[in-house]
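[1] The sequence and its predicted three-dimensional model are supplied below.
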Amino acid sequence: MADDIILSSAVRSNLLSLQNTSYNIDTTQTRLSSGLRVSSPLDDAAAFFAATGLNNRASDLSDLKDNIDQSISAIEAAVNGLEAITELVEQAKGLAISSKATGDTTERSTLSVQFNSLLTQIDALANDASFGGTNLLQAAPDNLAVTFNEDATSNLTVAGIDSTTGTAGINIAVAGNAFLNDSDINVALTAVNTAITSLRTTASTLGSNSSVLQTRLNFTQELANTLTGGAGKLTLADLNEESANLLAL
């Protein structure tokens, strides 16, 4: 049976010192490779769980940010649609004015056909102005619900506005007629002028909502960055300091 090896206190002290040095080298190398000073609860439980909470909230806000961004695009699609619809209504107005300026029945009939065709195109355009399945301009338009925070206590609902030619929309279907006399044309002109005003109001309302969403989008991004930065302060390693420590070991 081999005799037990008896170490002097000095040798034991040196071995412990070597073990500590080896441990410190491993720890420093791990921090340098991962970039983290705290990578598990064993390193610093308070910092680890605080950072996890901050990162989780930042992730939730990033999801909300994506939804806000998509909502802005849906509004932009509607605004683009309104601009195109307004152009068509302006063209219809021009046809009505031209019809009133001529006394030729055949010419008036031709212009009325063109006018009525524009009404059909307006309805088609309103129904096509969708984004991601959301259409704010169609008959029975969608509403756009946008959530700003994690518990949905802060939000905005953008109401869709029927911009088709029917009575629930911009109400110019009534203007469609054969332009047989001046009174018919005057009905059309009154309808298109009212429609133009309505379309401009709708575009202004949607534009205002888009501005609110853009502000919230920027704020949400900045807040998410702040949360991520705060988590980093709790867990990230100072690479310069760790490199210096490694050289000193």
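    Now that the structure is in, tell me what you want to look at. Numbering: from 1, shown residues only.
[2] for residue 143, what are its contacts?
    Residues in contact with residue 143 (C-beta atoms under 8 Å, 6 or more residues apart in numbering) are 157, 158, 159, 160. In this view, the C-beta of every residue, glycine as well, is placed from N, C-alpha and C.
[3] sorry, that was for residue 179
    Taking C-beta under 8 Å, 6+ apart, one finds 96, 99, 108, 109, 111, 112, 115, 185, 188 in contact with residue 179.
[4] Equivalent analysis for residue 66, please.
    Contacts for residue 66 were tallied using C-beta under 8 Å, 6+ apart; there are none.
[5] what is the mean pLDDT for the strand or helix carrying it?
    Residue 66 belongs to helix 45-101 when elements are defined using DSSP states H and E. With pLDDT averaged residue by residue, helix 45-101 scores 95.
[6] and the next element down the chain from that helix?
    Immediately after helix 45-101, counting by DSSP H and E, sits helix 105-128.
[7] Skip the chain neighbours and tell me the closest residue to residue 160.
    Excluding the flanking residues, the one nearest residue 160 by C-beta to C-beta, 6 or more residues apart in numbering is residue 141, at 2.7 Å.
[8] Show me what whichever strand or helix holds residue 199 is packed up against.
    In the assignment (DSSP H and E), residue 199 maps to helix 182-235. Contacts defined by 3 or more C-beta pairs under 8 Å, 6 or more residues apart in numbering; DSSP states H and E place helix 182-235 against helix 45-101, strand 155-158.
[9] Repeat the analysis, applying 6 Å as the threshold.
    Helix 182-235 makes packing contacts with helix 45-101 when contacts are defined by 3 or more C-beta pairs under 6 Å, 6 or more residues apart in numbering; DSSP states H and E.
[10] what distance separates the helix it packs on from the centre of its chain?
    Centroid separation for helix 45-101 versus its chain: 6 Å, with C-alpha atoms, centre = their mean, to the nearest Å.
[11] Just give the number of residues close to the residue nearest to residue 65 when sequence neighbours are not counted.
    Setting aside the residues directly before and after it, residue 65 is nearest to residue 220 in space (C-beta to C-beta, 6+ apart), at 4.6 Å. Neighbourhood size, residue 220 [other C-beta atoms under 10 Å]: 20.
[12] quick one: low-confidence parts of the chain?
    Applying pLDDT under 70 to the chain flags residues 1-35, 175-176, 236-249.
[13] residue closest to the middle of it?
    residue 69 (1.0 Å; C-alpha atoms, centre = their mean).
[14] Now it. Nearest residue, chain neighbours left out?
    residue 217 (6.0 Å).
[15] pretty sure the one you found is in contact with residue 68, am I right?
    Yes. Residue 217 lies in contact with residue 68 (C-beta atoms under 6 Å); the separation is 4.7 Å.
[16] Between the two, which has more neighbouring residues?
    The residue with more neighbours, out of residue 217 and residue 68, is residue 68; 24 against 20, by other C-beta under 10 Å.
[17] For the more buried one, which residues are in contact?
    Contacts for residue 68 (C-beta atoms under 6 Å, 6 or more residues apart in numbering) come out as 146, 213, 216, 217.
[18] Would you mind measuring from the second one to residue 235?
    As defined by C-beta to C-beta, to the nearest Å, residue 213 lies at a distance of 33 Å from residue 235.
[19] All set now, cheers.
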